[in-house]
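Visitor: quick one, what's the 3D model for this:
(chains A and B)
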Amino acid sequence: AQSVTQPDIHITVSEGASLELRCNYSYGATPYLFWYVQSPGQGLQLLLKYFSGDTLVQGIKGFEAEFKRSQSSFNLRKPSVHWSDAAEYFCAVARWSGGGADGLTFGKGTHLIIQP
Amino acid sequence: ETGVTQSPTHLIKTRGQQVTLRCSSQSGHNTVSWYQQALGQGPQFIFQYYREEENGRGNFPPRFSGLQFPNYSSELNVNALELDDSALYLCASSTPSGSVADTQYFGPGTRLTVL
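Guide: Numbering: from 1, shown residues only, chains lettered A, B, ... in the order given. Below you'll find the predicted structure:
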């Protein structure tokens, strides 16, 4: 079964500094990978996704992620964070069951704190 | 374009009761997925509906059931509520091909508290 690990529960970054959030996945074939952001009391917003092709994926709000098959990783990066980036970040991989692809398997999330 | 909407926003029930949560999918989307997000955890997939049929199910007992209607709106029903069912329930809709490879757009969720 597929799984997603986000090793960092909390990360604190100064405003203007660079950011990298880690995500490792376990899946036998080529995965479909996603990063979502969740602000307090809100639903999930898609930042970016990887299906195939270029391993460096650009997303919204200045985020990017790099797929590294050899490391089973899909880390999220941003060159300069803003206070408004403070939120919970979730990495997810598509589920594949006997009937085909259906839901998403999420990691436990990384809570991003921005210091002024 | 109207996004995914969910009702109610908050709900309080007691153990053993039944609850129905509702979701209206984004315009043009015919696939709806439901997720349970416990406090401090990532969302867990409950099930997905595609063209009114259950298309996949996560590791949830049968007391979690669903429906999808011809207008692609959906309901999540939970019977015999347990304290551990307290969570944020998220609905997501996706584009017409019905594959998880399509982007899933999430609603704001329904916060269920079971006392």
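
Visitor: now the strands for chain A?
Guide: Applying DSSP state E to chain A gives strands spanning A:3-5, A:10-14, A:19-21, A:24-26, A:33-38, A:44-50, A:56-58, A:64-68, A:73-78, A:87-97, A:100-106, A:110-115.

Visitor: sheet-wise, list the partners of the first one with their directions.
Guide: Paired with strand A:3-5 in the same sheet, following DSSP bridges, are strand A:24-26 (antiparallel).

Visitor: okay, buried residues for the partner strand please.
Guide: Using 16 or more other Cβ atoms under 10 Å in any protein chain shown as the test for burial, strand A:24-26 gives A:Asn24, A:Tyr25. Just so you know, the C-beta spots here come from the backbone N, C-alpha and C atoms, and that holds for glycine as well.

Visitor: same question for stretch A:64-72.
Guide: Buried, per 16+ other Cβ under 10 Å, within stretch A:64-72: A:Glu64, A:Ala65, A:Glu66, A:Phe67.

Visitor: for stretch A:5-14, same thing?
Guide: Within stretch A:5-14, the residues that qualify as buried by neighbour count (16+ other Cβ under 10 Å) are A:Gln6, A:Val13.

Visitor: what is the mean pLDDT for that stretch?
Guide: For stretch A:5-14, the mean per-residue pLDDT is 97.

Visitor: same question, stretch B:29-36
Guide: 92.

Visitor: one more: stretch A:46-62?
Guide: Mean pLDDT, stretch A:46-62: 92.

Visitor: measure it end to end?
Guide: Using Cα to Cα, to the nearest Å, the end-to-end distance of stretch A:46-62 comes out at 13 Å.

Visitor: who's in contact with it?
Guide: A:30-37, A:63-69, A:74, A:76, A:78-80, A:85, A:89, B:101, B:103-105 (Cβ atoms under 8 Å, 6 or more residues apart in numbering or on different chains).

Visitor: make it 6 Å
Guide: A:32-37, A:63-67, A:78, B:103 (Cβ atoms under 6 Å, 6 or more residues apart in numbering or on different chains).

Visitor: could you tell me the least trusted of the strands of chain A?
Guide: Among those, strand A:100-106 scores lowest, with a mean of 79.
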